[in-house]
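A.B. asks: next one to model:
(one chain, ligands or ions: 1)
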Amino acid sequence: MRLKTSSGAALAAAALLATAACVSETGADTTSDSALSGAGAGEECTIDETVKLGAVFSLTEAAAFAGEYQKQGLELAVEELNAAGGIQYELILEDDGTTLDGSTVAFEKLINRDEVSAIIGPTLSGMAFSTYTDAQSAGVPALGVSTTAEGIPEIGDYIFRASVPEQVALAASIPAAKATLDMQKVAVLHDSADEFTASAYNTITDELRDQNIEIVVDESFGTTDTDFSAQLGKVLEEEVDAVILSALPGATVPLVKQARDLGITAPIVGGNAFNSPVLVGALGDAAEGLIVGGAWSAASETTGNAEFISAFTAKYDREPDQFAAQAYTGAYLIDQAIRADCDANRESIKDNLGQILEFDSILGPISIDEGGEVTQTPVVQIIRDGAFTIL
Ligand code: 1QQ
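C.D. replies: Predicted coordinates:
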């Protein structure tokens, strides 16, 4: 029960009356706490109770390259939202350590112990498929801000994302790469163990077929592999216009470096993990010419982007990346959903997150439909002189 403890029979009775306890068909506790619903609408909304917002990111281990930025972007947004007033947010942030167990435990804690109104994250699709099933059965709205694999919002009606699906990003980046590189023959290398990179592989092959681009090398590897000589040997046997790579940074860095050492100079077309200055920094010169589709660019003249970049840079002494921008936007979207009915109960957030229409964000106009899926125009970038540049 999400009841406040209060002394005195009258108070307890009043609280009981104000608390609509129910259990949904799925068994989720849809109890609403009247202290979480306020007065006024939109910008005028005020809610007395502090709204607990949970977040699960990979702050350590393999996906920390993204999680660290997500944490910073989200904290900045919460700070701004709290300063704006009307609603006070308490951010409860958990590190999943880039493991499924860690993610499961973190979701469990936020759902049951902290009783948060909504959860942002996790960082990786590979964890989301399981943790979102838990959020769905508990009736807790969850908003992905970096989970791009196919099938995420379909997990249930409490599951949303504000993260351009890889299918949408690749449908922009592959034609752009084709035009830029005169791409006719490619090698496709992918991590078949991770759910995001495996899902992206399916999209890549579909998209290449649609674009009449021939796959002359098609090789896979595992997430923690470090020696790619077998796969790269196959690439060396062919003349390719580009290497399409679906991998997380752990494999990407050694793979691309080994490719360059072997004399493979073909440009790389990458997936969402490449939208990372950490990855590009680790690759150094080997990242030159890399093409990637994503959700955000520092160069986009979207509403509030310049202010976001300067506030972020001032606070953290480094520039934001796409993952920071998406996490930042995620907090604003949840705030919008709460303000719609001035209600921070889980049910109300769920109902309103699926009705966001062209919210003017730093990612550009962003919509989330009833099915939980995001609509947003992707941006294709190329690495030139070590920097992301709009293609
Ligand atoms: C996913 C991703 C990752 C690259 C996020 C860091 O897109 O797991 O879906």
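A.B. asks: distance check, residue 206 against residue 150.
C.D. replies: 11 Å (CB to CB, to the nearest Å). All C-beta atoms are positioned from the backbone trio N, CA, C, and that covers glycine.
A.B. asks: the strands in the stretch 151-300 of the chain, which residues?
C.D. replies: For the stretch 151-300 of the chain, the strands defined by DSSP state E, counting those that start in this stretch cover 159-161, 185-191, 214-221, 242-246, 268-270, 291-294.
A.B. asks: could you export those as TSV, including distance to residue 255, mean pLDDT and mean neighbour count?
C.D. replies: Formatted as TSV, these follow (distance: least, CB to CB, whole Å; pLDDT from 0 to 100; neighbours: other CB atoms under 10 Å):
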stretch	distance to residue 255	mean pLDDT	mean neighbour count
strand 159-161	28	98	28
strand 185-191	7	98	24
strand 214-221	8	98	17
strand 242-246	7	97	27
strand 268-270	9	95	29
strand 291-294	15	97	28
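A.B. asks: got those as JSON lines, with distance to the ligand columns?
C.D. replies: Below are the strands of the stretch 151-300 of the chain laid out as JSON lines (distance: least, CB to the nearest ligand atom, whole Å):
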{"stretch": "strand 159-161", "distance to the ligand": "9"}
{"stretch": "strand 185-191", "distance to the ligand": "11"}
{"stretch": "strand 214-221", "distance to the ligand": "16"}
{"stretch": "strand 242-246", "distance to the ligand": "10"}
{"stretch": "strand 268-270", "distance to the ligand": "10"}
{"stretch": "strand 291-294", "distance to the ligand": "9"}
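A.B. asks: could those go into TSV alongside distance to residue 229?
C.D. replies: Output for the strands of the stretch 151-300 of the chain, formatted as TSV (distance: least, CB to CB, whole Å):
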stretch	distance to residue 229
strand 159-161	37
strand 185-191	13
strand 214-221	11
strand 242-246	15
strand 268-270	18
strand 291-294	25
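A.B. asks: circling back to that earlier point, for residue 206 and residue 150, indicate the residue with more neighbours.
C.D. replies: Neighbours were counted for residue 206 and for residue 150 using other CB atoms under 10 Å; residue 150 has more, 17 against 14.
A.B. asks: check the gap between the more buried one and residue 370 for me.
C.D. replies: With distances taken as CB to CB, residue 150 is found 18 Å from residue 370.
A.B. asks: residues of this structure that sit close to the ligand?
C.D. replies: Listed as neighbours of the ligand in the chain under the rule CB under 6 Å from any ligand atom: 63, 66, 123, 124, 125, 146, 147, 148, 149, 196, 272, 273.
A.B. asks: next up, the contacts around the closest residue to residue 215 other than its chain neighbours.
C.D. replies: For residue 215, ignoring the flanking residues on the chain, the nearest one in space by CB to CB, 6 or more residues apart in numbering is residue 188 at 5.3 Å. Listed by CB atoms under 8 Å, 6 or more residues apart in numbering, the contact set of residue 188 reads 201, 204, 205, 208, 215, 217, 218, 219, 243, 244, 246.
A.B. asks: can you map out the strands along the stretch 1-150 of the chain?
C.D. replies: Counting by DSSP E, counting those that start in this stretch, the strands of the stretch 1-150 of the chain are 51-57, 89-95, 118-120, 142-144.
A.B. asks: Throw these into JSON lines and include mean pLDDT and mean neighbour count, thanks.
C.D. replies: Shown next, in JSON lines, are these (pLDDT from 0 to 100; neighbours: other CB atoms under 10 Å):
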{"stretch": "strand 51-57", "mean pLDDT": "98", "mean neighbour count": "26"}
{"stretch": "strand 89-95", "mean pLDDT": "98", "mean neighbour count": "19"}
{"stretch": "strand 118-120", "mean pLDDT": "99", "mean neighbour count": "29"}
{"stretch": "strand 142-144", "mean pLDDT": "98", "mean neighbour count": "30"}
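A.B. asks: of those strands, which is nearest residue 228?
C.D. replies: Residue 228 lies closest, by CB to CB, to one member of the strands of the stretch 1-150 of the chain: strand 51-57, at 28.3 Å.
A.B. asks: in its sheet, what does the closest one sit against?
C.D. replies: Strand pairing for strand 51-57, determined by DSSP bridges: strand 89-95 (parallel), strand 118-120 (parallel).
A.B. asks: tell me how many other residues surround residue 63.
C.D. replies: Residues near residue 63, counting by other CB under 10 Å, number 29.
A.B. asks: before we move on, what about residue 115?
C.D. replies: Neighbour tally, residue 115, other CB under 10 Å: 16.
A.B. asks: would you reformat the strands of the stretch 1-150 of the chain as CSV and include distance to residue 168?
C.D. replies: Listed next are the strands of the stretch 1-150 of the chain as CSV, based on distance: least, CB to CB, whole Å:
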stretch, distance to residue 168
strand 51-57, 23
strand 89-95, 28
strand 118-120, 20
strand 142-144, 14
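A.B. asks: distance-wise, check residue 142 relative to residue 263.
C.D. replies: Distance of residue 142 to residue 263, computed by CB to CB: 46 Å.
A.B. asks: wasn't residue 389 part of a strand?
C.D. replies: Yes: according to DSSP: H, G, I helix; E, B strand; the rest coil, residue 389 belongs to a strand.
A.B. asks: just to check, it is in contact with residue 300?
C.D. replies: No: Residue 389 lies out of contact with residue 300 (CB atoms under 8 Å); the separation is 11.9 Å.
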